[in-house]
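Enquirer: Generate coordinates for the sequence data below:
(2 chains)
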There are 2 protein chains.
Amino acid sequence: MDKTIAKSIINNKFDDVMFGRKSVRNFDETKSIDRSELQEMIAEATTAPSACNLQSWHFVVVNTPTGKAKVHEAALKFNYPQLETAPATIFIFGDTASHEVYREVWTKARDAGKISQEKLDQIFNTFLPMYEHADQEFLKFDATIDCAMVAMQLLLIARAHGYEAVPWAGYDGGKLLTALGLDAKRYVPVMAVSIGNAAEQPIDTDRYDAAALTEFV
Amino acid sequence: MDKTIAKSIINNKFDDVMFGRKSVRNFDETKSIDRSELQEMIAEATTAPSACNLQSWHFVVVNTPTGKAKVHEAALKFNYPQLETAPATIFIFGDTASHEVYREVWTKARDAGKISQEKLDQIFNTFLPMYEHADQEFLKFDATIDCAMVAMQLLLIARAHGYEAVPWAGYDGGKLLTALGLDAKRYVPVMAVSIGNAAEQPIDTDRYDAAALTEFV
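Expert: Numbers count the residues shown, from 1 in each chain, chains lettered A, B, ... in the order given. Reported below is the predicted structural model:
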């Protein structure tokens, strides 16, 4: 990744970013986040790995009153605080047609002379057929994992930019897709991430002792 | 999280950890990682958020020749390099019975006088019934997201500890569960993360222009 993209990182202490992360649900409504910085954070988050680098993620950023009104009815009530107070909520959808996009992108690269036909054949003959013949459940599973990983990076990136965030999925997925005009056959609602300046002290949540959840073999 | 746990973090530059992360598939076989450090990295990774804090993850660390032999047959051939050369591969499984664990943990906390009966009722009457009445598909979906998020943190933590890593899922899930003696009805194989000292210069993979994958509403 181009290092110049990280211009807005104001907290670069890894341990503080990761271990200090807590879910914030009430944000300072007087503060906004520029569209360019939101786009920058998404670009940074997409350095996450994805299955076969298919990048099966799609982002819808709700950062206007119109946008908020659009998705309001799809959200469950207990998630109104973050949806209403955060300057931006980024909805992350799994793209079950990412392998078609992939084929298109690489074919264009061949057409433009950026890669050879041989290289193209190599790309297309390894894993693409597996996806092209996969059932919807497999495609959904893979896209869900990609999205959760990119969401985790987004939560951390938000802190590195000086914001706080909360991941949530308390919405009616079908209503959400309809409200945003997304193809319900193609896109899987995976998670929403609300980002902004904290207006509350978040609750510290416990974790189980990791040793109790780990086996060594 | 207790700050003293982060004693082994040797690279604390957030941008370097996140943007410098690339998948490494060949590791230095002469280097090992202490079991205590592996456990520490897992504990650190579990600071990840999870749906309703159910922490629906389970870890099996393969860090011995016996362990490697056990899972070898379940792995697909193109993943042998990392499985064979990495000092440790951590298999992450979604736990679809995490809500039962949750009920047990909080009931014990009430029995021990750590929380009141009222608090217990409050916990149990909010989201637990939803999980207890959920179908397997929902439980699998939620556990998969939890695991992918903790896996993302583990990939980053590995770098902060001075190692490199690769996430992979090229295995036969059924065989893997059998080889590790895990209940196939309860656990969902989500991902493996191999960790060690890099013995190769990893390939730099491209990402699509994030703006092409983002809508603002």
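Enquirer: neighbouring strands for the longest strand seen in chain A, and are they parallel or not?
Expert: Counting residues, the longest strand found in chain A (DSSP state E) is strand A:187-196. Sheet pairing here is set by DSSP bridges, and for strand A:187-196 it gives strand A:88-95 (antiparallel), strand A:164-168 (antiparallel).
Enquirer: CA-only coordinates of stretch A:202-217 in CSV, if you can.
Expert: The C-alpha trace of stretch A:202-217 is given here as CSV (Å, rounded to 0.1, in the frame of the first residue of the first chain):
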residue,chain,number,x,y,z
PRO,A,202,-17.7,2.8,26.7
ILE,A,203,-18.4,-0.2,28.9
ASP,A,204,-15.4,-2.5,29.5
THR,A,205,-16.5,-6.0,28.5
ASP,A,206,-14.8,-9.2,29.9
ARG,A,207,-13.3,-12.0,27.9
TYR,A,208,-13.1,-15.6,28.9
ASP,A,209,-9.6,-16.9,29.9
ALA,A,210,-8.2,-17.7,26.4
ALA,A,211,-6.5,-20.8,27.8
ALA,A,212,-9.9,-22.3,28.4
LEU,A,213,-10.7,-22.0,24.7
THR,A,214,-7.4,-23.3,23.4
GLU,A,215,-6.1,-26.8,22.8
PHE,A,216,-2.5,-27.6,21.9
VAL,A,217,-1.9,-30.7,19.8
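Enquirer: tell me which residues of that stretch are tucked away?
Expert: Residues of stretch A:202-217 classed as buried: A:208, A:210, A:213, A:214, A:216, A:217 (neighbour count, 16 or more other CB atoms under 10 Å in any protein chain shown). For every residue, glycine as well, the C-beta is placed using N, CA and C.
Enquirer: Return only those of these found close to chain B.
Expert: A:208, A:210, A:213, A:214, A:216, A:217 (CB under 8 Å from any CB of the partner chain).
Enquirer: is the strand or helix carrying residue A:144 up against chain B anywhere?
Expert: Secondary structure assigned from DSSP states H and E places residue A:144 in helix A:136-160. Yes. If you take CB under 8 Å from any CB as the test, helix A:136-160 does meet chain B, through A:141, A:144-149, A:151-153, A:155-157, A:160.
Enquirer: what's the closest of the residues you listed to residue B:29?
Expert: Using CB to CB, residue A:149 comes nearest to residue B:29 of those, at 27.7 Å.
Enquirer: wait, the closest one sits on residue B:149?
Expert: Yes. Residue A:149 is within contact range of residue B:149, at 7.1 Å (criterion: CB atoms under 8 Å).
Enquirer: Just checking, which helix or strand of chain A averages the lowest pLDDT?
Expert: Scoring the helices and strands of chain A by mean pLDDT, DSSP states H and E places helix A:117-126 at the bottom, with a mean of 87.
Enquirer: Report the contact partners of residue A:9.
Expert: A:160, A:161, B:14, B:15 (CB atoms under 8 Å, 6 or more residues apart in numbering or on different chains).
Enquirer: ok, the third one to residue A:161 distance?
Expert: To tie it back to what came earlier, the one meant is residue B:14. Distance, residue B:14 to residue A:161, using CB to CB, to the nearest Å: 11 Å.
Enquirer: Checking the residue nearest to residue A:105 when sequence neighbours are not counted next. Helix, strand or coil?
Expert: What sits nearest to residue A:105 in space, not counting adjacent residues and going by CB to CB, 6 or more residues apart in numbering or on different chains, is residue B:208, at 7.1 Å. The three-state label given to residue B:208 by DSSP: H, G, I helix; E, B strand; the rest coil is coil.
Enquirer: Quick check: residue B:208 vs residue A:101, distance?
Expert: 8 Å.
Enquirer: Kindly provide the distance from the residue nearest the centre of chain A to residue A:169.
Expert: By CA atoms, centre = their mean, chain A has its centre lying nearest to residue A:151, at 3.9 Å. From residue A:151 across to residue A:169, the span is 10 Å (CB to CB).
Enquirer: Spit out the residues that contact the two alike.
Expert: With CB under 8 Å, 6+ apart, residue A:151 and residue A:169 have common neighbours A:190, A:191.
Enquirer: what's the burial count for residue A:129?
Expert: 11 (other CB atoms under 10 Å in any protein chain shown).
Enquirer: again with the one 3 residues further on
Expert: Neighbours of residue A:132 under the rule other CB under 10 Å: 11.
Enquirer: ok, so what distance separates it from chain B?
Expert: From residue A:132 over to chain B the distance is 18 Å, taken as CB to the nearest CB, to the nearest Å.
Enquirer: any idea of the angle the strand or helix carrying residue A:104 forms with helix A:136-160?
Expert: Here residue A:104, judged by DSSP H and E, is contained in helix A:98-111. Relative orientation of helix A:98-111 and helix A:136-160, computed by axes from the mean of the first three to the mean of the last three CA atoms, to 10 degrees: 80 degrees.
Enquirer: if we can go back for a sec, thinking the residue nearest to the centre of chain A is in contact with residue B:149, fair?
Expert: Yes. The pair residue A:151 / residue B:149 is scored as a contact, 6.9 Å apart, by CB under 8 Å.
Enquirer: joint contacts of these two?
Expert: residue A:167.
Enquirer: just to revisit the earlier point, quick check: mean pLDDT of the longest strand of chain A?
Expert: For strand A:187-196, mean pLDDT is 98.
Enquirer: Neighbouring strands of the helix or strand just after it in the sheet, and parallel or not?
Expert: For strand A:187-196, the following helix or strand on the C-terminal side (DSSP H and E) is strand A:214-216. Using DSSP bridges, the strands paired with strand A:214-216 are strand B:57-62 (parallel).
Enquirer: and the next helix or strand after the partner strand with chain A, contact?
Expert: Under the assignment DSSP H and E, the closest C-terminal helix or strand after strand B:57-62 is helix B:65-72. Yes. Contact of helix B:65-72 with chain A (CB under 8 Å from any CB) involves B:66, B:67, B:70, B:71.
Enquirer: Beyond helix B:65-72, next helix or strand please.
Expert: Immediately after helix B:65-72, counting by DSSP H and E, sits helix B:80-85.
Enquirer: mind listing what's buried in that next one?
Expert: B:81, B:82, B:83, B:85.
Enquirer: How many neighbouring residues does residue A:195 have?
Expert: For residue A:195, using other CB under 10 Å, the count is 28.
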